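Student: no sequence on hand, only this structure:
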C-alpha cells in the first residue's frame, strides 16, 4: 500500500510540534517565532552577500521606497506539478497591484518572476507605475512549458545553479524588503 504524501495530509497529533514556541518567546506568539526561525535559518554568509551586491543592484534599478513587491509565477511548477492550472493569473495580480498603487499612492513596483514576458505585461497594464525587475539573469532559461522540470535541467547542466541561486536570492530579498 502506498503511503499518502506527508506534505498533503499530516494528522493533527503529528503537527503539534509546529505550534511549539520556547517559553521565553511565547508572549510574542507562534507567528513571530516562525518568522524569527526562518530569518535565522535563511541568513546569508558574507560571500553570498558580496556576490548578491544588493546595494549596487538597488542603485542600478533605482529600487527605493515606497515600493510594491509582486511575485508572478508562471514557470514549470504551474504546468508540471499538482499546481497545474492553479497558479494565479497575472491579470488578477495586476489588478491587486493597481488597487494598492491607487489606495496608497505608490507608483513603483518591484517584480520578481520566472517568466520572460511578465515585466513587459505588467508595465503595459500599469502605465502609471514604474515597474522594475532584475535584468541580470536570462529568464528564458526558466521557460520549459510542459516539457522539462527546472530541476532536471539543472542536473543536466543546462541551467547554471550558482547564477540561478544568486538571481533567486536577490529576487527574494528585494521582495521581502518591498
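Tutor: Done, it's in. It should be emphasised that the depicted structure is a prediction, and the values quoted were computed from it without experimental measurement.
Student: and the helices in this protein, which stretches?
Tutor: 12-15, 29-41, 46-52, 54-61, 77-80, 90-104, 118-125, 150-155, 161-177 (DSSP state H).
Student: of all those helices, which one comes closest to residue 112?
Tutor: Set against residue 112 and scored by CB to CB, these come closest in helix 161-177, at 3.8 Å. For every residue, glycine as well, the C-beta is placed using N, CA and C.
Student: who's in contact with that closest one?
Tutor: Helix 161-177 is contacted by residues 44, 48, 51-52, 54, 57-58, 63, 69, 71, 110, 112, 134, 136-137, 141-142, 154 when judged by CB atoms under 8 Å, 6 or more residues apart in numbering.
Student: ok, now how distant is residue 37 from residue 107?
Tutor: Relative to residue 107, residue 37 is positioned 35 Å away (criterion: CB to CB, to the nearest Å).
Student: give the residue spans of this protein that score low on pLDDT.
Tutor: Within the chain, the set of residues satisfying pLDDT under 70 comprises 1-18, 74-86, 139-150.
Student: picking up where we left off before, ok, of the contacts of helix 161-177, which come out buried?
Tutor: Neighbour-count burial within the contacts of helix 161-177 applies to 52, 54, 57-58, 63, 69, 71, 110, 112, 134, 137, 141-142; the criterion is 16 or more other CB atoms under 10 Å.
Student: any buried residues in stretch 162-175, and which?
Tutor: 164, 166-167, 169-171, 173-174.
Student: which two of the residues you listed have the greatest separation?
Tutor: 164 and 174 (15.9 Å).
Student: name the nearest residue to residue 111, sequence neighbours excluded.
Tutor: Nearest residue to residue 111, sequence neighbours excluded (CB to CB, 6 or more residues apart in numbering): residue 133, at 4.3 Å.
Student: please apply the same query to residue 104.
Tutor: residue 66 (7.2 Å).
Student: please report phi then psi for residue 134.
Tutor: phi -60, psi 130 (degrees, to the nearest 10).
Student: pretty sure it sits against residue 60.
Tutor: No - contact criterion CB atoms under 8 Å: residue 134 and residue 60 do not qualify, at 9.6 Å.
Student: TSV for the buried residues of stretch 162-175, including distance to residue 90?
Tutor: Output for the buried residues of stretch 162-175, formatted as TSV (distance: CB to CB, whole Å):
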residue	distance to residue 90
164	22
166	25
167	20
169	23
170	21
171	16
173	23
174	19
